[in-house]
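Asker: A predicted structure for the sequence below; I have some questions about it.
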Amino acid sequence: MFAQVIQGRTNDPAAMWNRSEEWDRTLKPGAEGFLGSTAGVSDDGEVVVVARFESEAAARKNSDRPEQGAWWAETEKLFEGDVAFYDSSDVEVSWGGGSDEAGFVQIMQGRVKNEEMRARWQQAEADAEEWMRANRPDVMGSVAVWQGTNFTNVIYFTSEEAARKGEQQQPPEGSMDTEQENWMEQVEDLKFIDLKKPHFSSP
């Protein structure tokens, strides 16, 4: 799997939503190898788009389409300042990878100090899956995009209300959330971006 992360700021969330709808209607049918995308704008205007493709070649082929270039030229006008692009073939899918039925999406970004800390977090996630499935029905899955030790983790929830309530759950000793306390101390530049009105696109 290959993922593209696009990030910037806008003062017109409604227009950004309309551009996503326009892509769905007119460009998605010709996007070979497209696996899906999640996009949204936070309350303070931060835009995040995560698009997934079968391969880097498929993503490049889509980007090279003239109609894609024309669509982006118009969409780019809605951004204020620079737009950041992150591409990666290092993509992890957890607990089914999320759902287009999610009512709330949280983006978690940061950088772990080394590969050892990344491995510890991955193991903690794997160990906690059974508990999460039984006790956190609000979590519908996640997709993590890595660039070395930098990550963008897209977490899907049934609703924001359910997510906030679920955060109060106390996991057993040794579970992922217990390990998370130690793990968080090793993360640099950690930030959370809440997408309260996420836009999803599927093949």
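Answerer: Yep, it's here.

Asker: Output the one helix or strand Ala128 maps to as PDB, restricted to C-alpha atoms.
Answerer: Applying DSSP states H and E as the criterion places Ala128 in helix 115-135. Listed in PDB are the C-alpha atoms of helix 115-135, where the atom choice follows Å, rounded to 0.1, in the frame of the first residue of the first chain:
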ATOM      1  CA  GLU A 115      13.100   2.500  15.800                       C
ATOM      2  CA  GLU A 116      13.100   0.700  19.100                       C
ATOM      3  CA  MET A 117      10.300   2.900  20.400                       C
ATOM      4  CA  ARG A 118       8.400   2.400  17.200                       C
ATOM      5  CA  ALA A 119       8.600  -1.400  17.600                       C
ATOM      6  CA  ARG A 120       7.500  -1.200  21.300                       C
ATOM      7  CA  TRP A 121       4.400   0.800  20.300                       C
ATOM      8  CA  GLN A 122       3.600  -1.700  17.500                       C
ATOM      9  CA  GLN A 123       3.800  -4.600  19.900                       C
ATOM     10  CA  ALA A 124       1.700  -2.800  22.500                       C
ATOM     11  CA  GLU A 125      -1.000  -2.200  19.900                       C
ATOM     12  CA  ALA A 126      -1.000  -5.900  18.900                       C
ATOM     13  CA  ASP A 127      -1.200  -7.000  22.500                       C
ATOM     14  CA  ALA A 128      -4.200  -4.700  23.200                       C
ATOM     15  CA  GLU A 129      -6.300  -5.600  20.200                       C
ATOM     16  CA  GLU A 130      -8.500  -8.100  22.000                       C
ATOM     17  CA  TRP A 131      -9.200  -5.700  24.900                       C
ATOM     18  CA  MET A 132      -9.900  -2.800  22.500                       C
ATOM     19  CA  ARG A 133     -12.400  -4.800  20.500                       C
ATOM     20  CA  ALA A 134     -14.200  -5.800  23.700                       C
ATOM     21  CA  ASN A 135     -14.100  -2.500  25.500                       C
END
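
Asker: buried sites along it?
Answerer: Applying a neighbour-count criterion of 16 or more other C-beta atoms under 10 Å, the buried positions in helix 115-135 are 117-118, 120-121, 124-125, 128, 131-132, 135. Where C-beta positions appear, they are placed from N, C-alpha and C, glycine not excepted.

Asker: Just name the closest of these to Phe192, please.
Answerer: For Phe192, the closest of the buried residues of helix 115-135 turns out to be Trp121, at 16.0 Å, with distances computed as C-beta to C-beta.
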